[in-house]
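**Q** Below are the sequence and a predicted model; questions follow.
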Amino acid sequence: AQRVTQPEKLLSVFKGAPVELKCNYSYSGSPELFWYVQYSRQRLQLLLRHISRESIKGFTADLNKGETSFHLKKPFAQEEDSAMYYCALSGRNTPLVFGKGTRLSVIA
Amino acid sequence: DTGVSQNPRHKITKRGQNVTFRCDPISEHNRLYWYRQTLGQGPEFLTYFQNEAQLEKSRLLSDRFSAERPKGSFSTLEIQRTEQGDSAMYLCASSLVRSRGLDGYTFGSGTRLTVV
């Protein structure tokens, strides 16, 4: 079964501090992993996907198959990063399965 | 094309009534998905279409729920005999499946259903 676990419901950090949003997954094959973000009063949008190995808005995420993790990181948090973050997994040709989300609050 | 469009934005209905939601995906996208989201939870998969074919339905989807995508364009999600537990945000998303894999989903703003 596919499962995504985001252990933190809320993460509060000070502006300029590093951020790490944790995501662990369960899947027997080779998954595709994604991070989605939802800013206040906006729709859910794709932040990044592991296949593209890119950095978006200063965020990066590395797929660690040994630890079955896909943690989202940013070296210096900014106030505009405050949002709800969802980790999601897709197996081969299967719909996305989302975690419950982590609310990131960046304190000025 | 302004993205994925969902109507209505809000729906309040009495328990026992039927409701129907509409989703207009991005025109080039061949897949369309319905999700449900309740407070404190991530989006939960309900069903999805590739073109006009409904390929998968979640066990969450009771017999009171039905979805269609005639002609592979817009989709409707109908809930019959609504119950208070159906109150949620219903999200629609679309994506383009390529030979190299899945592109990210583009979500609509959702339809918030309140059953009173």
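**A** Sure, I can see it. Numbering: from 1, shown residues only, chains lettered A, B, ... in the order given.

**Q** The residue most central in space within chain B sits in which helix or strand?
**A** Centroid-nearest residue in chain B: residue B:34, 2.8 Å away (criterion: Cα atoms, centre = their mean). Using DSSP states H and E, residue B:34 sits within strand B:31-37.

**Q** can you tell me the average pLDDT over that strand?
**A** Summarised as a single mean, pLDDT over strand B:31-37 is 96.

**Q** So what's the residue count around the closest residue to residue B:10 other than its chain neighbours?
**A** Leaving aside its chain neighbours, residue B:10 sits nearest to residue B:112 (5.0 Å; criterion: Cβ to Cβ, 6 or more residues apart in numbering or on different chains). Glycine gets a C-beta too; all of them are placed from N, C-alpha and C. As a burial measure, residue B:112 scores 15 neighbours (other Cβ atoms under 10 Å in any protein chain shown).

**Q** Quick one: residues contacting residue B:112.
**A** Applying Cβ atoms under 8 Å, 6 or more residues apart in numbering or on different chains, one finds that residue B:112 lies in contact with B:9, B:10, B:11, B:88, B:89, B:90.

**Q** Would you mind confirming that the first one makes contact with residue B:108?
**A** Right, residue B:9. No: the criterion here is Cβ atoms under 8 Å, and residue B:9 misses it with residue B:108 at 9.8 Å.

**Q** between these two, which one's more packed in?
**A** It is residue B:108, of residue B:9 and residue B:108, that has more neighbours when counted by other Cβ under 10 Å, with 24 against 10.

**Q** Need phi/psi at the more buried one.
**A** Main-chain torsions, residue B:108, degrees, to the nearest 10: phi -80, psi 180.

**Q** Could you measure from it over to chain A?
**A** 7 Å (Cβ to the nearest Cβ, to the nearest Å).

**Q** Look up how far residue A:87 lies from that residue.
**A** Using Cβ to Cβ, to the nearest Å, residue B:108 is found at 21 Å from residue A:87.

**Q** least trustworthy helix or strand in chain B by mean pLDDT?
**A** strand B:101-102 (a mean of 62; mean pLDDT, DSSP states H and E).

**Q** Quick one: name whatever helix or strand follows it.
**A** strand B:106-107.

**Q** What is that following strand packed up against?
**A** With contacts taken as 3 or more Cβ pairs under 8 Å, 6 or more residues apart in numbering or on different chains; DSSP states H and E, strand B:106-107 sits against strand A:45-49, strand B:88-95.

**Q** Fine, thanks again, bye for now.
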